[in-house]
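[1] My questions are about this predicted structure, shown below with the sequence.
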Amino acid sequence: MNRLKHHLRIYRAIVANAVSYEAQYRKDTIAKIVLNLVWLGMLFLLIEIIFTHTASFSGWSKEAVYVLMLFWAIADELDIAFFNQVSFIPDYITDGTLDGLLIKPANTIFLATINLRMKAVYRLITELIMAVGIFFVFDIPVTALGLFLGVILLVTGVMALYSLRLMLNTLAFWLYRISNINALFYMIQSLGQYPLDIYPKTARIILLTAIPVGLTGFVPALAALGNAPGWLILLSFGTSMTLFILATRFWKFAIRRYTSASS
Amino acid sequence: MYHSTFLMKYLSVIILHTKKILVDRARFFIWILVDTLGVIVLPFVWLAILGDRDMLLGFTRADIVTYFILVYVINLVATSHISEYVHADIMKGDLNKLLVRPIVPPLYHAMAQYGYKFVSLFVACAVCAIAITFFPEYISLPPTATHAFWFLFFLVFAGFHSSAIQIIVGLATFWLGETAALMQLRHVLEKIFSGEFGPLSLFPILIQAVGAWLPFQYLFFVPIQIYLGKLSGGEILSALFGMLFWSMMYLFIIIFLWRRGMRRYEGVGI
């Protein structure tokens, strides 16, 4: 309990720093929010292009694809808002910053991976507003239970994303100069922005288990729309937990074998 | 003699960066995976749109799959990502190191990336060979040798177009400082109007009309349309003039931005 309080105090300091840092770059923040809206506009345009040629996209209606895209975008933003620090692990290893984190009296995974990016929080707010708007404009029938389940599954999806990104970046302990591993992560993540039904069966299984990007948009959207079978929900929880355990164990394995970068 | 020295300078840059790529093999392999994953989903999207139909506005199943294999090949061998390097050089003042050398800094970065492109060419050839061998029913070949020739010709210029746009965005750093917004704008415009997401002829009329006036179509859409034999001789000639026009525009803009930018550059970073 004391340990938890200790880390919560550290996180409070992280949040305070993030807010004050962001306050210095208000114009940049506004520009990034506008750019995010442009990017979302592009995603929605691509959906409109798809549905000019077909009324059903592998069994998904336009409204359902919008819901999936929004869940995916929100999961992406949550990951960036709270866990973007993971992408700096390769740099921490090569420039020796990790040494400083290891000697601090706090959990190393916490210090190396947990942060807060206020720009992402502002973008998240705009995306949530947009999501509410989409639900009203398309009059999408959702139940309170479905929406609640969708949100819970979204959170587990973010946990799966975090675990996957942590495992990929932990490879930097052995493979040097692989900071572009995060570019690979974003590409992998982009596989989840469309319904998994468009892929062959083998790919669908992989995208729900080993590379679980389907847990960020596909499964939460199905749950929100009331179409998620029970086994899929259980699979989502199980996969996220398993990946999280594997990721933290892999990290600890790497740390035990880490020798400092400095002389 | 001067011309051979000029060529040797930049050839040595390409060779140096090719060696660098081969030293950081994990990094290179990851970039190949990034380029692969960037397009691997798109054939599935368009095949899902096609559904049970044999054709979608003139595109067969084989045309669609071939289209995205060619998008992948063009991504590997022609598209450029040098705006970040040009931007970083100006922001940090690292441009100083290049200015004292007998090279043109933007050209240095353009040539340096061809080290990666050279090695990627082998990957592209391997992917094409696998596709033709194991999935021949999904591959469309060019209707004539002339179409193949013009495809390769436009492919070379696609590389020039990509590098030129990236250099222009990078040089904007002299005035804007932070160019993340401009890079994002370029990314969105290229995604929509280059044909990377899908053939422009399958997009809404308004987007086609706007895209016809922009240079981005010469990156993917026009070369691939030539390969698939969907452009007549007259249309290929028209595309050639359009491409040459934009090439000249790029050169003028880059020279203008570079000269004006050098007047502002102080060598201590921004």
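    Now that the structure is in, tell me what you want to look at. Numbers count the residues shown, from 1 in each chain, chains lettered A, B, ... in the order given.

[2] where do the helices sit along the stretch 101-250 of chain B?
    For the stretch 101-250 of chain B, applying DSSP state H, counting those that start in this stretch gives helices covering B:105-134, B:145-171, B:173-176, B:180-193, B:205-211, B:221-227, B:233-264.

[3] Check which helices and strands the third one is in contact with.
    In terms of contacts (3 or more Cβ pairs under 8 Å, 6 or more residues apart in numbering or on different chains; DSSP states H and E), helix B:173-176 is packed against helix B:83-92, helix B:233-264. For glycine as for every other residue, the C-beta is placed from the backbone atoms N, C-alpha and C.

[4] Same list (those helices) but as TSV, adding mean pLDDT, mean neighbour count and distance to chain A.
    Formatted as TSV, the helices and strands packed on helix B:173-176 follow (pLDDT from 0 to 100; neighbours: other Cβ atoms under 10 Å in any protein chain shown; distance: least, Cβ to the nearest Cβ, whole Å):
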stretch	mean pLDDT	mean neighbour count	distance to chain A
helix B:83-92	90	19	11
helix B:233-264	94	14	21
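
[5] quick one: which of those is nearest B:Phe154?
    Of all the helices and strands packed on helix B:173-176, it is helix B:233-264 that lies closest to B:Phe154, at 6.9 Å by Cβ to Cβ.

[6] For that closest one, name the packing helices and strands.
    On a contact count with 3+ Cβ pairs under 8 Å, 6+ apart, helix B:233-264 meets helix B:145-171, helix B:173-176, helix B:221-227.

[7] Just the angle for that helix relative to helix B:105-134, thanks.
    150 degrees (axes from the mean of the first three to the mean of the last three Cα atoms, to 10 degrees).

[8] now the angle between helix B:145-171 and helix B:233-264, please.
    Going by the same axes, to 10 degrees, helix B:233-264 is angled at 20 degrees with respect to helix B:145-171.

[9] Give me the angle between helix B:233-264 and helix B:83-92.
    Helix B:233-264 and helix B:83-92 are oriented at 10 degrees to each other (the same axes, to 10 degrees).

[10] just how off-centre is helix B:233-264 within its chain?
    Chain-centre distance of helix B:233-264: 15 Å, with Cα atoms, centre = their mean, to the nearest Å.

[11] residue contacts, the residue nearest the centre of chain A?
    Nearest residue to the geometric centre of chain A (Cα atoms, centre = their mean): A:Asp79, 3.4 Å. Going by Cβ atoms under 8 Å, 6 or more residues apart in numbering or on different chains, A:Asp79 touches A:158, A:161-162, A:165.

[12] Just confirm A:Ile49 contacts B:Pro204, I think it does.
    Yes. Using Cβ atoms under 8 Å, A:Ile49 makes contact with B:Pro204 at a distance of 6.8 Å.

[13] Please report the distance of A:Ala183 from chain B.
    Distance, A:Ala183 to chain B, by Cβ to the nearest Cβ, to the nearest Å: 5 Å.

[14] Near that residue, how many other residues are there?
    Residues contacting A:Ala183 under the criterion other Cβ atoms under 10 Å in any protein chain shown number 18.

[15] Which of the three states applies to it?
    helix (DSSP: H, G, I helix; E, B strand; the rest coil).

[16] surely it meets B:Ile32?
    No. Using Cβ under 8 Å as the test, A:Ala183 is too far from B:Ile32 to be in contact (11.5 Å).

[17] who in the stretch 51-200 of chain A is up against chain B?
    For the stretch 51-200 of chain A, the contact set with chain B under Cβ under 8 Å from any Cβ of the partner chain comprises A:52-54, A:56-58, A:175-178, A:180-181, A:183-184, A:187-188, A:190-191, A:194, A:197-199.

[18] of those residues, buried ones?
    Among these, the ones that count as buried by 16 or more other Cβ atoms under 10 Å in any protein chain shown are A:53, A:57-58, A:178, A:180-181, A:183-184, A:187-188, A:190-191, A:194, A:198-199.
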